[in-house]
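> how would this look folded up:
(one chain, ligands or ions: 2)
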Amino acid sequence: MASLSCALLPSPITTTTRRNFATSVRRSGASGSLKCSVVRVTAALEKERSYKVTLLPGDGIGPEIMRVAVDVMQAVGRREGITFDFTEKLVGGAALDALGVPLPDDTLASCLESNAVLLAAIGGYKWDSNPPHLKPETGLLGLRAGLGVFANLRPAVVLPQLVDASTLKREVAEGVDIMVVRELIGGIYFGKPRGFDVNETGDRFAFNTMVYSTPEIDRIARVAFDTARKRQGRLCSVDKANVLQVSQLWRERVTAIGKEEYPDVELSHMYVDNAAMQLVRNPKQFDTIVTGNLFGDILSDISSMLSGSIGMLPSSSMSESGPGLFEPIHGSAPDIAGTDKANPLAQVLSAAMMLRYGLGEVKAAEIIESAVSSTLDKGYRTGDLMSAGKTLVGCTQMGEILLDALEASSTVTLSH
Ligand SMILES: NC(=O)C1=CN([C@@H]2O[C@H](COP(=O)(O)OP(=O)(O)OC[C@H]3O[C@@H](n4cnc5c(N)ncnc54)[C@H](O)[C@@H]3O)[C@@H](O)[C@H]2O)C=CC1
Ligand SMILES: CC(C)CC(=O)C(=O)O
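Ligands and ions are numbered 1, 2, ... in the order given. Below is the predicted model of the structure:
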C-alpha cells in the first residue's frame with residue numbers, strides 16, 4: 001500500500017530525534033517556529049505520554065466524524081499506553097448558538113493550553129447571512145490566527161485502493177503524491193482594509209486586500225523548501241505574478257530564499273490558473289507546491305479529487321510556538337449532516353497527523369494509518385468513495401470497522 005504518511009515536514013518528533021530536530025530547526029531558522037511545540041511535546045513525553053488535546057467538533061458533519069476519530073484515538077491510546085486528556089469546546093455555529101460568538105475566549109484559551117488541537121469543521125446554511133463578525137468562518141479564521149498556525153500542510157495522495165474512485169483516468173491519478181504548503185494566516189483572508197461601502201454614485205461595493213509582507217513570505221517559503229527537501233526535492237511556487245503586485249513580491253522572495261538557502265531544491269513558478277489546469281492534466285509533475293492562503297485553499301480542494309474524495313484529505317497546521325491545529329480540508333458538509341453519510345477518514349487521518357507531527361507519537365499514527373488502509377483493502381467505502389463491487393457503509397459503521405481493524409492489528413503484534 002502507498003504510505004499514508006508520505007514525507008512530510010516537520011519530521012516526526014520521536015523521543016530519539018527530538019533533540020536533533022530542535023537543534024536543526026534553530027540552526028536553519030526554518031521553522032524556528034516549531035521550537036516551542038517541541039518543548040511542549042518534550043515536556044509531555046517526559047511526564048508519561050499523556051497529552052492534553054482540545055477537540056472542536058464544530059458544525060454539520062463535524063460531531064459525527066469527530067466521534068469516530070476520538071474512538072480510534074482512544075483505542076490506539078489503550079494499546080500504546082498513551083493517555084489523552086480531551087477537552088471538548090465550542091467553535092463556529094455551535095458557539096454562536098450557545099454563546100453568541102463564533103470563537104469564545106474559553107475555546108481559544110483551552111487550545112493554547114493544549115499539546116494539540118483537533119478540529120472537525122464549521123459552518124452551515126443557518127448562519128450564512130450573518131454579518132461578518134457573527135459568521136462561523138470568522139471563528140475558524142480567529143482560531144488559526146490566535147494559534148499563529150501559518151504553515152498548513154495538505155498532503156494529496158492517491159491510494160492504490162482508491163485509484164478508481166478518482167474522477168481522473170487511472171493512468172493520470174495512479175501514484176500521485178503531492179504536498180500543498182498553504183500560507184494560512186495572511187493574504188486576502190486577513191488583509192485590511194476590507195468591508196462594504198457605498199460609492200459616489202450610490203452603488204454598494206465591497207473590497208478585500210491581498211497583502212503579504214516579506215517576513216510572512218520568507219517563513220512559509222522556508223517551510224516549503226524544507227518540506228520539498230525531505231520529499232523529491234522539487235518545489236513549485238504558485239502565484240499570479242502576471243497581474244498582482246503581491247504575487248510579484250511573493251515570487252521575488254521565494255526565488256531569493258531558494259537561491260540563498262536551498263540551492264539543492266529545484267524551484268519552479270507557475271501562475272495559479274495554469275496550476276489548476278495542470279493539477280488535472282498531469283498531477284504527477286508536482287512534488288511540493290507552495291502558495292498563499294486563497295490559492296492554497298482552492299488548489300488543495302482540486303487535489304483532493306485526485307485522491308477520490310475531499311473526505312480523504314487531512315491537514316496539519318504549525319505555528320512559530322505553541323500547539324498545532326489538525327483538521328480535514330473539507331467543510332461541514334451541511335447537505336449530508338445528520339444522515340450518517342459522512343466519510344470520517346479525513347478526520348481520522350488528521351488525528352494520525354496530530355499524533356505524528358503534533359505529539360511525536362509516530363507508532364500510534366502508523367497504527368491508525370494502517371487500520372485505514374486495511375479497511376479500504378477490505379472494500380468498505382462511504383458513499384463519496386463508492387464504486388462497483390465495494391461495500392457501502394455509513395460513518396458510524398466505518399468507525400466500527402476501523403476499530404475492528406485496530407484490534408486485529410493488535411492481535412498480530414501481540415502474537416510476535
Ligand atoms: N475548515 C472548515 O471548517 C471549512 C468550512 N467550510 C464551511 O462548510 C460549509 C459547507 O461548505 P461547502 O462549500 O459545501 O464545502 P464542504 O467541504 O463542506 O462540502 C463540499 C461537498 O463535499 C462533500 N463532503 C465534504 N466533506 C465530506 C465528507 N467527509 N464525506 C463525504 N462528503 C463530504 C459535501 O457533502 C459537499 O457535497 C460552509 O459553511 C463553509 O463555509 C468550508 C470549507 C472548510
Ligand atoms: C471556511 C473557511 C474559514 C475555511 C476554508 O475554506 C479554508 O479552509 O480556508
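> May I see the buried residues of whichever helix or strand residue 247 is part of?
Residue 247 belongs to helix 245-261 when assigned by DSSP states H and E. For helix 245-261, burial by neighbour count (16 or more other C-beta atoms under 10 Å) applies to 246-247, 249-251, 253-254, 257-258, 261. Heads up, the C-betas are built off the backbone N, CA and C, glycines and all.
> three-state assignment of residue 192?
Here residue 192 is coil, with the state taken from DSSP: H, G, I helix; E, B strand; the rest coil.
> What distance do you get for residue 176 to residue 287?
Remark: distance between residue 176 and residue 287 (C-beta to C-beta, to the nearest Å) = 11 Å.
> Could you do residue 278 as well?
Counting by C-beta to C-beta, the gap from residue 278 to residue 287 is 13 Å.
> Settle it for me: which of residue 176 and residue 287 has more neighbours?
Set residue 176 next to residue 287 and count neighbours by other C-beta atoms under 10 Å: residue 176 wins out with 22 against 19.
> Give me the neighbour count for the residue lying closest to that one once chain neighbours are set aside.
Of all residues not flanking residue 176 in the chain, residue 158 sits nearest, at 4.2 Å (C-beta to C-beta, 6 or more residues apart in numbering). Burial of residue 158 is recorded as 26 neighbouring residues (other C-beta under 10 Å).
> other SSEs contacting the longest strand seen in the chain?
Scanning the chain for the strand with the most residues, using DSSP state E, yields strand 50-58. Applying 3 or more C-beta pairs under 8 Å, 6 or more residues apart in numbering; DSSP states H and E, we find strand 50-58 packed against helix 35-48, helix 62-80, strand 83-88, helix 93-99, helix 105-112, strand 116-121.
> Pick the most deeply packed of those.
Stretch with highest mean neighbour count among these: strand 116-121 (a mean of 28; mean count of other C-beta atoms under 10 Å).
> What pairs with it, parallel or antiparallel?
When pairing is defined by DSSP bridges, strand 116-121 lines up against strand 50-58 (parallel), strand 324-326 (parallel).
> Give me the phi and psi for the residue of the chain positioned farthest from its centre.
Most distant from the centre of the chain: residue 201, at 44.0 Å, with distances by C-alpha atoms, centre = their mean. Note on residue 201: backbone dihedrals following degrees, to the nearest 10 are phi -90, psi 10.
> how about the helices of the protein, start to end?
Assigned by DSSP state H, the helices in the chain fall at 18-28, 35-48, 62-80, 93-99, 105-112, 136-147, 170-173, 214-230, 245-261, 272-281, 293-306, 345-353, 362-377, 395-414.
> ok, the most centrally placed residue in the chain to ligand 1 distance?
Nearest to the mean C-alpha position of the chain, by C-alpha atoms, centre = their mean, lies residue 315 at 1.4 Å. To ligand 1, residue 315 is 9 Å away according to C-beta to the nearest ligand atom, to the nearest Å.
> Give me the pLDDT value at whichever residue of the stretch 151-300 of the chain sits closest to ligand 2.
Residue nearest to ligand 2 within the stretch 151-300 of the chain: residue 297 (4.3 Å; C-beta to the nearest ligand atom). As predicted, residue 297 sits at a pLDDT of 96.
> Which residues does the closest residue in space to it that isn't next to it in sequence form beta bridges with?
Of all residues not flanking residue 297 in the chain, residue 182 sits nearest, at 6.8 Å (C-beta to C-beta, 6+ apart). Beta-bridge partners recorded for residue 182 (DSSP bridges): residue 152, residue 291.
> List the contacts of residue 182.
Residues in contact with residue 182, defined by C-beta atoms under 8 Å, 6 or more residues apart in numbering, are 152-154, 291-293, 295-297, 300.
> circling back: what is the neighbour count of the residue of the stretch 151-300 of the chain closest to ligand 2?
Neighbour tally, residue 297, other C-beta under 10 Å: 18.
> Same question for residue 192.
With other C-beta under 10 Å as criterion, residue 192 counts 8.
> which residues sit in contact with the nearest residue to residue 122 once chain neighbours are set aside?
Nearest-residue entry for residue 122: residue 92, 2.8 Å, with adjacent residues in sequence omitted and distances by C-beta to C-beta, 6+ apart. The neighbourhood of residue 92, defined by C-beta under 8 Å, 6+ apart, consists of 56, 58-59, 62, 102, 121-123, 136-137, 139-140, 332.
> The stretch 51-200 of the chain against ligand 2: which residues are in contact?
123, 137, 140-141 (C-beta under 6 Å from any ligand atom).
> out of these, which touch ligand 1?
Okay, of these touching ligand 1 (C-beta under 6 Å from any ligand atom), that's 123, 137, 140.
> What sits closest to residue 112 if chain neighbours are left out?
Closest to residue 112 by C-beta to C-beta, 6+ apart is residue 322, at 6.2 Å.
> so the one you found touches residue 117, yeah?
No: between residue 322 and residue 117 there is no contact under C-beta atoms under 8 Å: 9.5 Å.
> circling back: tell me which of the helices and strands packed on strand 50-58 sits nearest to ligand 1.
Closest to ligand 1 of the helices and strands packed on strand 50-58 is strand 116-121 (C-beta to the nearest ligand atom; 3.6 Å).
> who in the protein is up against ligand 1?
Applying C-beta under 6 Å from any ligand atom, we find that the chain lies next to ligand 1 at 61, 121-124, 137, 140, 310-311, 327, 330-336, 342-343, 346, 384.
> Can you select the buried ones among the contacts of residue 92 for me in PyMOL?
Selection of buried members from these for PyMOL, criterion 16+ other C-beta under 10 Å:
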select buried, resi 56+58+59+62+102+121+122+123+136+137+139+140+332
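> possible to save the contacts of residue 92 as JSON lines with pLDDT?
Shown next, in JSON lines, are the contacts of residue 92 (pLDDT from 0 to 100):
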{"residue": "56", "pLDDT": "99"}
{"residue": "58", "pLDDT": "98"}
{"residue": "59", "pLDDT": "98"}
{"residue": "62", "pLDDT": "98"}
{"residue": "102", "pLDDT": "98"}
{"residue": "121", "pLDDT": "98"}
{"residue": "122", "pLDDT": "98"}
{"residue": "123", "pLDDT": "98"}
{"residue": "136", "pLDDT": "98"}
{"residue": "137", "pLDDT": "98"}
{"residue": "139", "pLDDT": "98"}
{"residue": "140", "pLDDT": "98"}
{"residue": "332", "pLDDT": "98"}
